[in-house]
Structures are given as C-alpha cells and as structure tokens.
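> With the input below, show me the fold.
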Amino acid sequence: MRGRPFLASRRSLLGLALLAGAALLGACRESLDSGGVCSASSPLCPGQGVEIRDTIINPVLAFDSTYDGFPGRGAEYFLPLVSRGDTLQTVVVVRYDSLSTFYLPALDTARSITYVDSARIRLMIDLARASIPDSVNIDIYDVDAGTADDTAAAPILARLKPQYRIGGGKYAKAQLIDSLYVSLKDSAVLAHVRDTLPVTKGRMRIAIRVTGKGPVAFRIGSVESSAAAYLWYRPSNDTSARALVIAPASAGPADRADVRRDLMDYMLVEKNTLPTLPGTMMLGGVPGRRVYLRFNLPKNITDSTTIIRATLRLTQARYPFGDPSDSVIIHPHIVLASQFITDNRRASTLIGVTGLVITDSLAVVPRDSGQRTLELYALVRQWAAQSASPNAPARAVVLTAANEGTFPRVAAFYSSSASAGLRPTMRITYIPKIGFGVP
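Residues are numbered from 1 along each chain as shown. Okay, here's the model as predicted:
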C-alpha cells in the first residue's frame, strides 16, 4: 500500500516528460516545415535553410598525360599471346638457364645426358575474355643468340624466323583448355643440354608466338602467377627413367638479382601499328597504357564549402580498331605520390589499390563514343581535408584498365588539349559550411 503514492507520482512525472518532449518535437517540426530559423526558445533545432549550388569547372585539369609499358617487363601476372594481322603481334619469352645435364637412373649413379626424348613445354592457359578462331598455330623459336647481352630485345626478335623454329603445331580451338603440351624437337633440347660454350652452357631460351585465321588473343601463366611454362624431357631411352621437369630460370645479368627474376618469363611486342589518336588520352592495350590526371580545383569551393557531389565528366573518342564485342573496364586510383615529385610517370606508379577512396569505375566499348562520368566525391573531400598538410599528395588520379597490359583493347578519351566541348570537366555540387547552435 505504501508504494502506490510513489507509483502515482512516477506516473505523473513520466506524463509531464512526455508532454515536454512532444512540445519540443512540435517546435522542431514547425521549424522544419517552415524552413525558418529556430527561435531562442528552441536552441536544439538547427537552421534548415540550405542553398545547394552547382558549378562546372572547365578546364578542370592542370596536366594530363598517357604513359605506356605497364606492367613492367617480367611483372606480368599473365602473359598475353596476341596476333592481330598487320596491327599487333606479341611473343612470350621463357628462359631455362639451369638445364639438367645429368640424370639418376634407378639403383645407379648419376650419368651424363646423351639422349633426349619427348621434349615439350606445358602452357597453363587462361581463356577469360579470349579471342580464338577455329584453329591456332603455336610456334616455338630458339632465341638464344649465344651472346652475353641479357636484356636487349632486338637479338630475340631477329630470331623469329623459320630456321630457328624448334617446336609447335596447329591446335583446334577445343584443344585450348586449361593446359596444353607443346612439343619441341628433341635434338634441339639435347644440343642445349650438351652445350659446353661458356656463355650458353646449360641454358635454353625460347619464344612462343601464336597466329591464326582471324584475331587471336589469350593469356598463359607466368612465374608471378605460379603457373609458368615448365620444360619436360626424358633423359634416357629407358622408359623407367623419370622425365625431368625444368622450371624457368635466368642466369643473367649476374649483378642484378631483381632483373634476373624479371627475365625468367616476359612478353615482347614484335609488332604494333595501332595508331594513336591526336588530342586524346589512351589507356589499355598491349603494352599497357595508363592515364595521369592532375586537377586544378578552386580552393574557395573545395576548401570552404561542404561538397556533396563531384563528378568527373570525360568524353570518349571512338577507337575503330578491335572487335565490336571488346570492352574495357577502367579503374580510377588515387595518387599517393607527394606533390613535390615532379616525375609524373613515376608518380603514376605510386597509386592506391582499386577501390581505395574511389569506388566508382567505367565499362566502355572502344568503338563507342559519348560522355562518361566518374564519381570522385569522397576523393575531393579528402583533398580538402588534407589542404593544410605540407606533405599532402598531389591532387591527381590515375586511370588504368583492368588486367593491365594483357588484353589488346584500347579506350580513348579527349584530353585537355581538345576543344572546350570535349575536354574533361567536373561538376561540383556544394553547400555553404553549416554551423549548429543558437544564431
């Protein structure tokens, strides 16, 4: 019985609190509906009059450029084998600079190899977005010129001739599955195994080239993807002798371990006559191209307002070379290089991973044209937040193609040197800085 008056008083207090809350909510709702400023009697309500502004920045770029050669030689995760008639031809070079010259028979001592049988290489094939006609010719060339020059491309390309062909064949489209064995001449492999010249002892270097009746484009695995082209051969006519499996290896240059690894397997462009469109920025293709964009944004907007949207607008130029079904996925990357790095090509390699800060991307067909957009809202706001830092990165973006340097698809966009109606622009939507509290 004693608890009832106390319970009644608690109910009364609760009722008063609810009434007060309803009154406060009503005051705020009234302010929101009217768009006016809350009175001093409602200090918790912010002002609701917001002016949204739009501006088009044209030109928006302080600098733009296209750089090629990506990824670097030997850094390819997949190696592109491409043949497009008179316009583009690639080859893949693989080095076997640690050939086995001895083998170990069962229950016997090591013996020198004087016989080679069933020589072949195994290619791990990636058919994602491949272009393959009904049949494909795969040719293997001996490209060891017998010199100590470990880096020059010219001696290798000079040996892509019939007299240096040491293997290959014609393969139906159905044979190009996840892996393929390509035969080599046993005598050619034995000659390298038995070679005693100081420069070429125990090494064999090959180039792989594809051709076909129609465009050919597919990729094979590399050392970087742990799916390299291994060399196989039997070291004896005794069928009980196990086949030797030789992994790619490079013996030179002797003073550069990093370059030696890069030269285990890599891609070379034998021919590329695809044109460059004047007044454009081009990306994709083989070898890979990327675009560096440095922005010139007015600080009175980026640093003194609240950005609610920032849209980069690019005009795609029609590129008439390639299949109608080709497509290019384009990823924008933030540049991490300091604004004090003046080598823009180097800066274009110091970039964030895909999806860092910028989550938007583009999918374009090279033969199309028209305006394309990328949302850079989060990046522009980040630049504003970093404006006071003396070591802030440059206000720059790099555009790359997905699977850079491994597909022959090219996308082109008009650059800042184009006419005003075609050059890149940025549309920024913003509002003045908002404060809270009693005015």
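
> So for stretch 181-189, mean pLDDT?
For stretch 181-189, mean pLDDT rounds to 97.

> change the start of the numbering to 39 and stick with it
Yes, from this point I'll number from 39; that puts the last item at stretch 219-227.

> Give me the pLDDT for Thr139.
According to the prediction, Thr139 has pLDDT 90.

> tell me the phi and psi of it?
Per-residue torsions, Thr139: phi -110, psi 0 (degrees, to the nearest 10).

> Repeat that for Arg383.
The phi/psi pair for Arg383 (degrees, to the nearest 10) is phi -60, psi -40.

> Enumerate every residue touching it.
Each residue near Arg383 by C-beta atoms under 8 Å, 6 or more residues apart in numbering is listed here: 103, 105, 330. C-beta here means a position set from N, CA and C on the backbone, and glycine is covered the same way.

> among these, who's most crowded?
Using other C-beta atoms under 10 Å as the neighbour test, the contacts of Arg383 are led by Tyr330, with 23 neighbours.

> what about the host helix or strand of that residue, distance to the chain center?
Taking DSSP states H and E as the definition, one finds Tyr330 inside strand 326-333. Relative to its parent chain, strand 326-333 has a centroid offset of 12 Å by C-alpha atoms, centre = their mean, to the nearest Å.

> Point out the other helices and strands that that strand packs with.
If you count contacts as 3 or more C-beta pairs under 8 Å, 6 or more residues apart in numbering; DSSP states H and E, strand 326-333 packs onto strand 99-108, strand 318-322, helix 382-385, strand 434-439.

> Pull the residues that contact the helix or strand following the shortest one.
Per DSSP H and E, helix 382-385 leads on to strand 400-402 as the next helix or strand towards the C-terminus. Defining contact as C-beta under 8 Å, 6+ apart, one finds that strand 400-402 is touched by 354, 365-368, 410, 412, 449.

> Enumerate every residue touching the closest residue to Arg197 other than its chain neighbours.
Nearest non-adjacent residue to Arg197, counting by C-beta to C-beta, 6 or more residues apart in numbering: Val181, 4.7 Å away. In this structure, Val181 makes contact with 131, 193-194, 197-198, 202, 243-245, judged by C-beta under 8 Å, 6+ apart.

> Just give me the closest of these to Ala289.
Within the contacts of Val181, distances to Ala289 taken as C-beta to C-beta reach their minimum at Arg243, with 10.2 Å.

> Contacts only, for the nearest residue to the closest one once chain neighbours are set aside.
In space, and not counting its chain neighbours, Arg243 is closest to Asp182: 4.2 Å by C-beta to C-beta, 6+ apart. Asp182 is in contact with 230, 238, 241-243, counting by C-beta under 8 Å, 6+ apart.

> Confirm that Asp182 sits in a strand.
No: Asp182 is assigned coil when assessed by DSSP: H, G, I helix; E, B strand; the rest coil, not a strand.

> What separation is there between it and Ala295?
21 Å (C-beta to C-beta, to the nearest Å).

> and if you look at Arg203?
32 Å.

> Correct me if wrong: Asp303 contacts Arg111.
No: contact criterion C-beta atoms under 8 Å: Asp303 and Arg111 do not qualify, at 10.2 Å.

> Counting neighbours, go ahead and name the busier of these two.
The neighbour comparison of Asp303 against Arg111 (other C-beta under 10 Å) goes to Asp303, with 24 against 16.

> Specify the beta-bridge partners of the more buried one.
Beta-bridge partners for Asp303, by DSSP bridges, are Val132.

> what's near enough to touch it?
By C-beta under 8 Å, 6+ apart, the residues touching Asp303 are 112, 117, 130-133, 260-261, 266-267, 286.

> redo that, cut-off 10 Å
With contact taken as C-beta atoms under 10 Å, 6 or more residues apart in numbering, Asp303 is in contact with 112, 114, 117, 130-133, 244, 246, 258-262, 266-267, 286, 288.

> cool, Ala450 as well?
104, 314-315, 317-322, 327, 329, 353-357, 366, 402, 404, 407.
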